[in-house]
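Undergrad: sequence and computational prediction follow.
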Protein chains: 2
Amino acid sequence: MSLIAAPIACSKHNHTHCISHAMTAARQLCSDRGVRLTALREQVLSLIWQSHKPLGAYTLMEMLALASTRRVAPPTVYRALEFLLEEGLIHRINSLNAFIGCPSPTQKHQSHFLICQNCSVAVELDSPSLNQKLVDCATEAGFSLTSHSVEINGLCALCQATQKNGPLDDQP
Amino acid sequence: MSLIAAPIACSKHNHTHCISHAMTAARQLCSDRGVRLTALREQVLSLIWQSHKPLGAYTLMEMLALASTRRVAPPTVYRALEFLLEEGLIHRINSLNAFIGCPSPTQKHQSHFLICQNCSVAVELDSPSLNQKLVDCATEAGFSLTSHSVEINGLCALCQATQKNGPLDDQP
DNA sequence: TATCGAAAAGTTATAGTGTAACATAGCAGG
DNA sequence: CCTGCTATGTTACACTATAACTTTTCGATA
């Protein structure tokens, strides 16, 4: 058993709290900024927050279709995603073509993630020293920096503990 | 004018050297490993090395089609790319769905890039301290690490110097 | 409150990226 | 030369994303 404190996303936790916190924060943030968190956008955001696993646009589309009776076309979900991305409420995981909720949308930051290859959980990093390192690397090469993404693949603490055939779907 | 030494890729340079060096290294490496750098694979690699800008699979497909008379289907280029990726001769830039030659394929490493938003040049980073930082971040979160990618977007030194309407195609 | 304009969502079609599955060709070792 | 494996050709299709246009919704204002 590891003594390292695993991120919440990788632990058994009351995920209802994650969702409600995210939705409350989102409503507040949009209100403050004077942008509209419409029913659709809110629905997409809450669907993304159903787990700590990145979801693809087409998966979200299916979930939307199931929730409502009418069919849902790609632009519908992509526009909602575009809005949520712009407001920093979600991030895009490039290596997965997938989207995940941002736990701290009020502070502007880049997309830095740890991704578990077994259970798919993605944990957002918030490391000032990593950020600084990236800035330094850019500066050393004479680059001005506008954005960056870090995607680290591995096994989360839980999946390491249960090794091979671990809980692929046991955690949110 | 910047006093920082810009990477070769961002400077005027004799790109023939880059290509020949890369191709020689690739042949040597494949020979050493007992894997086959077939004509097609070599052609794809050399096409990728025509510039320091990442190329998409379909762009490569068109280039292949132009070079030979027969038509070229997606699996042809994707299989060559898969081989080159496995051997570490190229890297994939996830945020661009594109591929770029690796300047140091003999040493195993991850995909870390600076990407110029103006001229598209991608410069590979080789920073032990950045690597260490990423390992540390993973460890702190209880993750075991198997791979990682870093993609930094910004402006290369040359494009900063020439600002807005800089040389979009002036450099290899 | 009726209307009007802008923003959002619906709709249709299509572009761009990537892979599955099977057939053929080419090369290495017996 | 055969035989088996690796590589490539071929067809079809799955997945991801966007363009372009229409309709709806919402809120500000007359």
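TA: Great, that's in hand.
Undergrad: please identify the buried residues of stretch A:44-59?
TA: A:44, A:45, A:47, A:48, A:49, A:51, A:52, A:53, A:54, A:55, A:57, A:59 (16 or more other C-beta atoms under 10 Å in any protein chain shown). All C-beta spots, glycine's among them, are computed from the backbone N, C-alpha and C.
Undergrad: widest-spaced pair of the residues you listed?
TA: Using C-beta to C-beta, the two most remote members of these are A:52 and A:57, lying 18.0 Å apart.
Undergrad: before we move on, the earlier item: nearest to residue A:137, of the buried residues of stretch A:44-59?
TA: Checking these against residue A:137 by C-beta to C-beta gives residue A:54 as the nearest, at 25.6 Å.
Undergrad: that closest one and residue A:99 touch, don't they?
TA: Yes. Assessed by C-beta atoms under 8 Å, residue A:54 is found in contact with residue A:99 at 6.0 Å.
Undergrad: out of the buried residues of stretch A:44-59, who's nearest DNA strand D?
TA: residue A:57 (4.1 Å; C-beta to the nearest atom of the strand).
Undergrad: grab the nearest non-local neighbour of the closest one.
TA: Using C-beta to C-beta, 6 or more residues apart in numbering or on different chains and skipping the chain neighbours, the partner closest in space to residue A:57 is residue A:77 (5.3 Å).
Undergrad: just the buried residues of the host helix or strand of residue A:132, please?
TA: Element membership for residue A:132, per DSSP states H and E: helix A:128-140. Across helix A:128-140, burial judged by 16+ other C-beta under 10 Å covers A:130, A:131, A:133, A:134, A:137, A:138.
Undergrad: which single one of those is nearest to residue A:38?
TA: Using C-beta to C-beta, residue A:131 is the member of the buried residues of helix A:128-140 that sits closest to residue A:38, with 32.6 Å.
Undergrad: next up, the contacts around that closest one.
TA: By C-beta atoms under 8 Å, 6 or more residues apart in numbering or on different chains, the contact set of residue A:131 is A:109, A:110.
Undergrad: pLDDT at it, what is it?
TA: pLDDT recorded at residue A:131 is 98.
Undergrad: and if you look at residue A:4?
TA: What the model reports as pLDDT for residue A:4 is 64.
Undergrad: still on that earlier bit, wait, a strand at the residue nearest to residue A:57?
TA: No. With DSSP: H, G, I helix; E, B strand; the rest coil as the criterion, residue A:77 is helix rather than part of a strand.
Undergrad: would you mind measuring from it to DNA strand D?
TA: Distance of residue A:77 to DNA strand D, computed by C-beta to the nearest atom of the strand, to the nearest Å: 8 Å.
Undergrad: which residues of chain A fall in strands?
TA: A:90-93, A:98-101, A:111-116, A:122-124, A:144-155 (DSSP state E).
Undergrad: hmm, the shortest one in reach of chain B?
TA: So the one you mean is strand A:122-124. Yes. Counting by C-beta under 8 Å from any C-beta of the partner chain, chain B is contacted by strand A:122-124 at residue A:123.
Undergrad: the second one now?
TA: No. Strand A:98-101 does not reach chain B (C-beta under 8 Å from any C-beta); its nearest approach is 11.5 Å.
Undergrad: which neighbouring elements make contact with that strand?
TA: helix A:39-48, helix A:74-86, strand A:90-93 (3 or more C-beta pairs under 8 Å, 6 or more residues apart in numbering or on different chains; DSSP states H and E).
Undergrad: re the thing from before, would you turn the strands of chain A into a markdown table with mean neighbour count, distance to residue B:111 and mean pLDDT?
TA: Output for these, formatted as a markdown table (neighbours: other C-beta atoms under 10 Å in any protein chain shown; distance: least, C-beta to C-beta, whole Å; pLDDT from 0 to 100):
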| stretch | mean neighbour count | distance to residue B:111 | mean pLDDT |
| --- | --- | --- | --- |
| strand A:90-93 | 22 | 15 | 98 |
| strand A:98-101 | 25 | 18 | 98 |
| strand A:111-116 | 24 | 14 | 98 |
| strand A:122-124 | 23 | 18 | 98 |
| strand A:144-155 | 20 | 10 | 98 |
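Undergrad: as TSV, those strands with distance to residue B:148 would be great.
TA: Converted to TSV, the strands of chain A look like this (distance: least, C-beta to C-beta, whole Å):
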stretch	distance to residue B:148
strand A:90-93	13
strand A:98-101	17
strand A:111-116	9
strand A:122-124	13
strand A:144-155	4
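Undergrad: just send these back as JSON lines, with distance to DNA strand D too.
TA: JSON lines is the format used below for the strands of chain A (distance: least, C-beta to the nearest atom of the strand, whole Å):
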{"stretch": "strand A:90-93", "distance to DNA strand D": "7"}
{"stretch": "strand A:98-101", "distance to DNA strand D": "7"}
{"stretch": "strand A:111-116", "distance to DNA strand D": "13"}
{"stretch": "strand A:122-124", "distance to DNA strand D": "15"}
{"stretch": "strand A:144-155", "distance to DNA strand D": "13"}
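Undergrad: now for these, which one comes closest to residue A:28?
TA: Across the strands of chain A, residue A:28 has its closest neighbour in strand A:98-101 (15.0 Å, C-beta to C-beta).
Undergrad: can you list the residues of chain A near DNA strand D?
TA: Applying C-beta under 7 Å from any atom of the strand, we find that chain A lies next to DNA strand D at A:39, A:56, A:57, A:58, A:59, A:73, A:74, A:75, A:78, A:82, A:97.
Undergrad: thanks a lot, catch you later.
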